[in-house]
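K.L.:
Build me a model from this:
(chains A and B)
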Amino acid sequence: MGITAAQALVKGLEEENVTKVFGYPGGAVLPIYDALIDSDIQHVLVRHEQGAVHMANGYARISGQPGVCIATSGPGATNLVTGIATAYMDSVPVVIITGQVATSMVGTDAFQEVDITGITLPITKHNYLVKRAKDIPRIIKEAFYIARTGRPGPVLIDIPKDVAASTIEYQPVEKVELRGYKPNYKGHPQQIERAVRLINKSKKPVIYVGGGVINSGATEELYELAWKAQMPVTTTLMGLGSFPEDDRLSLHMLGLHGAPYANYAVTNADLLIGLGVRFDDRVTGAIEKFAPQAKIIHIDIDPAEIGKNVVVDVPIVGDLKLVLRDLIEKLEPQEHLEWLEQIEQWKQEHPLQYGNGDRLRPQYVIEKLGELTNHRAVVTADVGQHQMWAAQFYKFTRPRSFLTSGGLGTMGYGFPAAIGAQIADPDALVVTVTGDGSFQMAMQEMGTAVEQNLPIKVLLFNNNSLALVRQLQHFYCDKRYTAVSFTGNPDFAKFAECYGAVGLKIETRDQVEPVLKEALNNGRLTIIEVSISEEELVLPMVPNARGLDEMVQFPFGEEDQCE
Amino acid sequence: MKHTLSVLVENKPGVLTRIAGLFARRGFNIKSLAVGETEDPEVSRMTIVVDGDDRIIEQVTKQLNKLVDVIKLSDITHDEFVDRELVLIKVHCDASNRSEIIQIVDVFRARIVDMGRNSMIIEATGDSGKIDAIETSLRPFGIRELVRTGKIAMVRGPKTRNGEA
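P.N.:
Numbers count the residues shown, from 1 in each chain, chains lettered A, B, ... in the order given. Just a heads-up that it's a prediction; the model follows:
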């Protein structure tokens, strides 16, 4: 018996064990929404399509399974674009389904027509424009396979309305056959041998870890490797949580706003082991000054990342979990007492710090949040100063606990990602750390959070300013501040209340602990508005075109204290 | 230096866009590109000539290999291969120089495929060097129009696209 291609699509989603989809309906996806009625798949209705794709992203990063979102043709599809690029840059498996105008209308500039496969070509791992209804089962299967295997990423399926509505004989697809797509999982044994030799010889090794370790599920192997060979570990923004930050071997985050000792360690290292990283410009600073004395071992699933930004001594293409196992097995236990002592000294002399005193400091609020949640909450951050403070001061201890837009730097990511995260893990304590700028790019999703009954905590640092941009103007534009002040901000606590959620305020230092406690324990959607100064700076900071060890550190003039 | 890449791709709509788009957005420079169906109608072959140092070529090949529609890619620059381009040249002529042009055509083993009172069209095939040479030889007579294909190439010997002998 025949079913519609839309029904086949829903069946395909069910076969991929999809239980939630995030979406927004419209004319061109009517057949798909109709087919969803008869499925157990729960549809989460969002307020803006960009929210849907960020939620699918948050869902995927918490669950490790592809997140799914749906939007209609034209504006529905284009509203997804920022979110698709966000997922692409951070290697997040998301399957995006868009409606398209009927096949006969494609190419005629029809109402709500846009060439979304053309638009998303550079920001998807792969995409499909479905022309024959009978291809749907195969394409669904392929899309999920491509999204979650190898280096994960977003895959878009564009389905014309008439294709979705036409009838096909459904035959389940057993196996994916893609002759042009065969990720390599097993590391080359000879290269692994070479890596072992380099590690054995090294006196001052540093492991530099990115999101790839979390994607690969290789955090236990990372821990074992670090301890067996006594090598300190620094992580990128995307790698936070892959190595416990309360561990003796943790160097915390490196890079532009990284810990001073992490940056010193990398600059002085004789061996750098990059695991699932991209040698991104926010990590390396001036590339010619990056790890100048170090041999480099780079292990990644994506061959194109190896040798892209730096010259590598030992390249290993493979899945980190498998490669690290091989590496650990072949490696002799080691000690690097002198090196670790040096690092300890850097940690003492140049800790991550901020001015104390009576004034309410955002860093202090993050530290308290870390303590009160035992460093085990799921934290999503937007983009701005608050993001860097969350990265510097929360102290993450487990993988898949920090979600932020690392590569694209997308404001408006944090809150919808938290919604996706909470839906993926209803028992988790989910906290969004955001600012007044970022939150206003996504706050329409309050309606979604209320509808879904999600007890998310929104910790909103309000300085009525785009203060990270302000900080750039401070350093690079001779303090000529422009277009960074918001004079029309709402009362965010009241904003929460008008949705029937809880609104709380922190205005002084001694309110931090009691108000946070109240929020964390009330079991309800809550906005905690924290009033801070726009003159706060994120420090340390590596100025443009400088090496990592040339960072501007605390204390820095009067501005970083405003006291 | 110039590299010749022989790329097998899925013969599907949109594949050329994917490849051309990748070159454009990563800032790689295509010197020429020729594409056509192979003996397997589901597969097309692209011969891409790209200019760049070793690091650029390495990135080009790695990025191309990441495309799901790219089945196999070989950099045949250092292999023994046969390569051909085709050119059509409309050259100005009159009674006084017609026989001289015909001589040049003979030397290059090219062909005259159309002849009018004041012009003729010459067709030539060969490697890039030969095509450049015939173009240079005909230029003094006045080239009115020139159309040149991209290069196509095939590795010498029994080796085939799948690497089998």
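
K.L.:
Tell me which stretches of chain B form helices.
P.N.:
Under the criterion DSSP state H, chain B contains helices at B:15-25, B:54-66, B:98-107, B:128-138.

K.L.:
Nearest to A:Phe111 among those would be which one?
P.N.:
With respect to A:Phe111, and counting by C-beta to C-beta, the nearest of the helices of chain B is helix B:15-25 at 24.5 Å. (C-beta placed from N, C-alpha, C; glycine too.)

K.L.:
which residues are in contact with the closest one?
P.N.:
Here helix B:15-25 makes contact (C-beta atoms under 8 Å, 6 or more residues apart in numbering or on different chains) with A:118, A:121-122, B:7, B:9, B:28-30, B:33, B:35, B:44, B:46, B:48, B:50, B:60, B:63-64, B:67, B:69-70.

K.L.:
again, 10 Å this time
P.N.:
Here helix B:15-25 makes contact (C-beta atoms under 10 Å, 6 or more residues apart in numbering or on different chains) with A:117-118, A:121-122, A:126-127, A:180, B:7, B:9-10, B:12, B:14, B:28-30, B:33, B:35, B:44, B:46, B:48, B:50, B:60, B:63-64, B:66-70.

K.L.:
got a list of what residue 56 touches?
P.N.:
The chain I'm using is chain A. Going by C-beta under 10 Å, 6+ apart, A:Ala56 touches A:20-23, A:44, A:46, A:66-70, A:80, A:83-84, A:87, A:92-96, A:154, A:416-417, A:420, A:423-424.

K.L.:
hmm, I had chain B in mind actually
P.N.:
B:His3, B:Arg26, B:Gly27, B:Phe28, B:Asn29, B:Val50 are the contacts of B:Ile56 under C-beta under 10 Å, 6+ apart.

K.L.:
Name the residues of chain A found near chain B, please.
P.N.:
Counting by C-beta under 10 Å from any C-beta of the partner chain, the positions of chain A adjacent to chain B are A:117-118, A:121-122, A:125-129, A:131, A:142, A:146, A:150-151, A:153, A:155, A:178-183, A:302-308, A:311, A:317.

K.L.:
Whichever residue of chain B sits closest to chain A - nearest residue in space that isn't next to it in sequence?
P.N.:
Closest approach between chain B and chain A, counting by C-beta to the nearest C-beta: B:Lys62, at 3.8 Å. Excluding the flanking residues, the one nearest B:Lys62 by C-beta to C-beta, 6 or more residues apart in numbering or on different chains is A:Ala304, at 3.8 Å.

K.L.:
before we move on, back to that, would you mind checking the residues of chain A next to chain B for buried ones?
P.N.:
Neighbour-count burial (16 or more other C-beta atoms under 10 Å in any protein chain shown) is assigned, among the residues of chain A next to chain B, to A:117, A:121, A:125-129, A:142, A:146, A:150-151, A:153, A:155, A:180-181, A:302-308, A:317.

K.L.:
quick revisit: now tabulate the helices of chain B in JSON lines and tack on mean pLDDT.
P.N.:
As requested, these are exported to JSON lines (pLDDT from 0 to 100):
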{"stretch": "helix B:15-25", "mean pLDDT": "92"}
{"stretch": "helix B:54-66", "mean pLDDT": "93"}
{"stretch": "helix B:98-107", "mean pLDDT": "95"}
{"stretch": "helix B:128-138", "mean pLDDT": "95"}
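
K.L.:
Let me see the contact set for the residue of chain B closest to chain A.
P.N.:
A:Asp302, A:Pro303, A:Ala304, A:Glu305, A:Ile306, A:Gly307, A:Lys308, A:Val317, B:Leu73.

K.L.:
Please apply the same query to A:Gly370.
P.N.:
With C-beta under 10 Å, 6+ apart, A:Gly370 has these contacts: A:Glu245, A:Asp246, A:Arg376, A:Ala377, A:Val379, A:Ala390, A:Phe393, A:Tyr394, A:Lys395, A:Phe396, A:Thr397.

K.L.:
Next step: the buried ones among the residues of chain A next to chain B restricted to strands.
P.N.:
Among those, DSSP state E puts A:His126, A:Asn127, A:Tyr128, A:Leu129, A:Val155, A:Val317 in strands.

K.L.:
Could you measure from A:Asp247 over to A:Leu222?
P.N.:
Counting by C-beta to C-beta, to the nearest Å, the gap from A:Asp247 to A:Leu222 is 11 Å.
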